[in-house]
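Undergrad: this one's sequence-less:
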């Protein structure tokens, strides 16, 4: 049986051709519209700045739209998203990171993040930021200052069994004293008798200490050894200078069994070595094996496990 041929009318052919043409027009129009819309996206604008698609994706993943607008206002800079991938990156400091990096190209990005976070893109004592926090999380350093009339409202006496001087001469905040006594008792079980040599000092006392060094050795030496008045942790009531009955000298304490024990265990009681070795450029002080600061167990543990200073911890977890 022969198949019948389907005849397409001339009108139908015209309609078919028109439909095909309209389809191409619609496709082309959509393509143009999609391209127009894409050119409005941040991804396109970033690639136009010279970033690769992968770099653009990283930037869009790491930054808010407001930040991307700022990035687009700059020349291409791969350090921008690399900075944001650093562990302690703080977004509000991006402009400061970039400016500091431009002036210090030899620094690693990690160093840039660290130094800017702790205000080291400013000279020590260049600006005073008033410390208003009265808790164990307060910060006092060469940028953060206490008023000259600041006195902790919960001072407690450190017993003379674990402090030198007359009864009542050494004091610290009650939580600092309690934590220290618990630590001292633990150390005693291992034959180490911890002793506090210096604790709370008011503004006037610190002024006398600082001027003694300044008058004897000059301001530069004094700034490396002692804090200027108002900038001393001792005024906070949370700092203790700790030695032992077997080791009483600043020069040799770092070699003592007491220091070895404190370095290994002080965080368990909420204390940190406030001015650790190798961190002088961050803290602004020479290594002090005897200077301990009470910050609480949680914070002390983090600082111990991550090998950072309190200045770094404060900037990233408390200040921001």
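TA: That came through, no problem. Quick caveat: nothing in here was measured; it's all calculated off a predicted structure.

Undergrad: When you work out contacts or count neighbours from here on, use the C-alpha atoms and nothing else.
TA: Fine.

Undergrad: phi, psi of the residue lying closest to residue 259 once chain neighbours are set aside?
TA: Distance criterion C-alpha to C-alpha, 6 or more residues apart in numbering; nearest residue to residue 259, sequence neighbours excluded, is residue 253 at 6.4 Å. Main-chain dihedrals, residue 253, degrees, to the nearest 10: phi -60, psi -30.

Undergrad: cool, and residue 173?
TA: phi -60, psi 150.

Undergrad: Could you give the number of residues near it?
TA: 23 (other C-alpha atoms under 10 Å).

Undergrad: what residues are up against the residue nearest to it when sequence neighbours are not counted?
TA: Counting by C-alpha to C-alpha, 6+ apart, residue 173 lies nearest to residue 155, which is 4.3 Å off, once chain neighbours are set aside. By C-alpha atoms under 8 Å, 6 or more residues apart in numbering, residue 155 lies in contact with 171-174, 237.

Undergrad: Just the ones in helices from the residues you listed, please.
TA: Residues of the contacts of residue 155 located in helices (DSSP state H): residue 174.

Undergrad: and which of the contacts of residue 155 is nearest to residue 74?
TA: residue 237 (46.6 Å; C-alpha to C-alpha).

Undergrad: Quick check: that closest one touching residue 175?
TA: No: counting by C-alpha atoms under 8 Å, no contact exists between residue 237 and residue 175, whose distance comes to 9.8 Å.

Undergrad: Neighbour count for these two, which is higher?
TA: residue 237 (30 against 20).

Undergrad: pLDDT weak spots in this structure?
TA: Where the chain drops to pLDDT under 70, the residues are 1-9, 13, 19, 21-23, 26-30, 32-34, 320.

Undergrad: now with 90?
TA: 1-40, 224-225, 319-320 (pLDDT under 90).

Undergrad: if you go through it in chain order, where are the helices?
TA: Using DSSP H, the helices of the chain run over 10-38, 42-48, 53-62, 65-72, 79-84, 94-103, 109-117, 174-188, 203-217, 219-225, 257-265, 280-283, 297-306, 310-313.

Undergrad: separation between the closest residue to residue 257 other than its chain neighbours and residue 162?
TA: Spatial nearest neighbour of residue 257, excluding adjacent residues (C-alpha to C-alpha, 6+ apart): residue 192 at 7.7 Å. Residue 192 is 11 Å from residue 162, where distance means C-alpha to C-alpha, to the nearest Å.

Undergrad: cool, and residue 75?
TA: Residue 75 sits 61 Å away from residue 162, going by C-alpha to C-alpha.

Undergrad: now swap in residue 60 and tell me
TA: 57 Å.

Undergrad: Of the two, which one has the most company?
TA: residue 162 (20 against 17).

Undergrad: May I see the domains of the protein written out as residue ranges?
TA: Domain ranges of the chain: 42-117, 129-319, per automatic domain parsing.

Undergrad: Could you look over those and pick the most buried one?
TA: When the domains of the chain are scored by mean count of other C-alpha atoms under 10 Å, the highest mean neighbour count falls to domain 129-319 (a mean of 19).
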